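Student: only geometry, no sequence info:
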Ligand SMILES: Cc1ncc(COP(=O)(O)O)c(C=O)c1O
């Protein structure tokens, strides 16, 4: 029995499949040495853990060479490596108003220190963009297009296949933020023409916190974010060119990666297609149930339209942080409230002042848990 009704999967998935914790304990016991820094058996065992994680991730994302994945701590680190590592003085970037601060802040930092120019394509109330508007923004110096696969506030799914084709036409590199889609819907870098894919380990891939990664197409050479020990080419004063060492300085989170591999295996058994269907059905159930709440406004795609497993809403006359607090304290329901690290998406949705409550589901969420949320929101907003 779960003690809480956990509807905050868009932040971090919970609970994890039991195999995740088991794999972590096992790695700690039998592969607890430093990978790539020795030739004794336990060091080799630790290297194998990382290799295995890269392998399962490659197979999930359609990546042909597992060494094109740089393992790291989270999506934010991956996005920083992609953005800071790729952009040069005077480049132009196109992003969208659906971006998370983990894209926007590095871009604005690049604007400040490297004179990079940035345009954000507007997002409509459904969380979608106009591709004609996007195409009009290309300039001769457009070097990067960044797009979130799915908005963490609106749940909308952006047309990354089409954006990839347009980016290719203008010779720009295409970076996708898969924080809200990895493991939750099919993502194949070859089919979708993605040059760089930033993903978290701790959300839809069901791994522990402190894990994530970046796929980097073989033809790209990013400037590393970190310089330091790799266990390889120790005599060289520069960071090695060989992947993945080039992008993985310092001792990695081997135990976390063992958990991530187990999480990804679980996702592959269930299949991202089935997970998407399960989560979509739950969001439809949630939207139908919440529609009877007086003064409610649900953000993002209409009922019946594609969306990832989250529904954000406001209720007129109620503070979203207060509502979330009451849901937790009185009903044991964990949701996220306030502002969701995406100010431009709040601007598009008209929730810059109010913030929003976000309920997000996962592979293990049940329809009964959604019923409990609907009941609680109805009760909390009942006229007294
Ligand atoms: C769309 C999006 N991008 C980036 C991030 C940052 O992810 P992480 O916490 O793994 O760094 C999040 C986190 O919620 C997100 O939703």
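Tutor: Now that the structure is in, tell me what you want to look at. All figures in this text were calculated on a predicted structure; none of them were measured in a lab. Numbers count the residues shown, from 1 in each chain.

Student: burial count for residue 136?
Tutor: 10 (other C-beta atoms under 10 Å). Just so you know, the C-beta spots here come from the backbone N, C-alpha and C atoms, and that holds for glycine as well.

Student: domain parsing for this protein?
Tutor: 5-15+272-380, 18-270 (automatic domain parsing).

Student: now residue 81, nearest residue through space, not along the chain?
Tutor: The shortest distance from residue 81 to any non-neighbouring residue, by C-beta to C-beta, 6 or more residues apart in numbering, is to residue 225 (4.6 Å).

Student: kindly list the main-chain dihedrals of the closest residue to residue 101 other than its chain neighbours?
Tutor: Counting by C-beta to C-beta, 6+ apart, residue 101 lies nearest to residue 341, which is 4.4 Å off, once chain neighbours are set aside. Dihedral angles of residue 341 (phi, psi; degrees, to the nearest 10) stand at phi 60, psi 30.

Student: surely residue 341 and residue 98 touch.
Tutor: No - if you go by C-beta atoms under 8 Å, residue 341 and residue 98 don't touch, sitting 11.8 Å apart.

Student: ok, now which ones touch residue 296?
Tutor: 290, 313, 314, 315, 316, 377, 381 (C-beta atoms under 8 Å, 6 or more residues apart in numbering).

Student: give me the subset of those residues lying in strands.
Tutor: 313, 314, 315 (DSSP state E).

Student: residues of the chain that sit close to the ligand?
Tutor: Selection of the chain residues close to the ligand by C-beta under 6 Å from any ligand atom yields 11, 74-76, 100, 102, 148, 152, 177, 179-180, 200, 212.

Student: which of the residues you listed count as buried?
Tutor: Using 16 or more other C-beta atoms under 10 Å as the burial test, the residues of the chain next to the ligand include 11, 74-76, 100, 102, 148, 152, 177, 179-180, 200, 212 as buried.

Student: hang on, the earlier thing: quick one: which of the contacts of residue 296 has the most company?
Tutor: Neighbour max across these (other C-beta under 10 Å) = residue 377, 27 neighbours.

Student: look up the closest residue to it, ignoring the ones flanking it.
Tutor: Closest to residue 377 by C-beta to C-beta, 6+ apart is residue 293, at 5.6 Å.

Student: quick one on the thing from earlier: roughly how far apart are the residue nearest to residue 101 and residue 229?
Tutor: 32 Å (C-beta to C-beta, to the nearest Å).

Student: just to revisit the earlier point, restricted to helices, list the buried ones among the residues of the chain next to the ligand.
Tutor: 75, 76, 102 (DSSP state H).

Student: out of residue 341 and residue 229, which sits in the more crowded spot?
Tutor: residue 341 (17 against 14).

Student: which residues touch the more buried one?
Tutor: Contacts of residue 341 (C-beta under 8 Å, 6+ apart): 100, 101, 102, 152.
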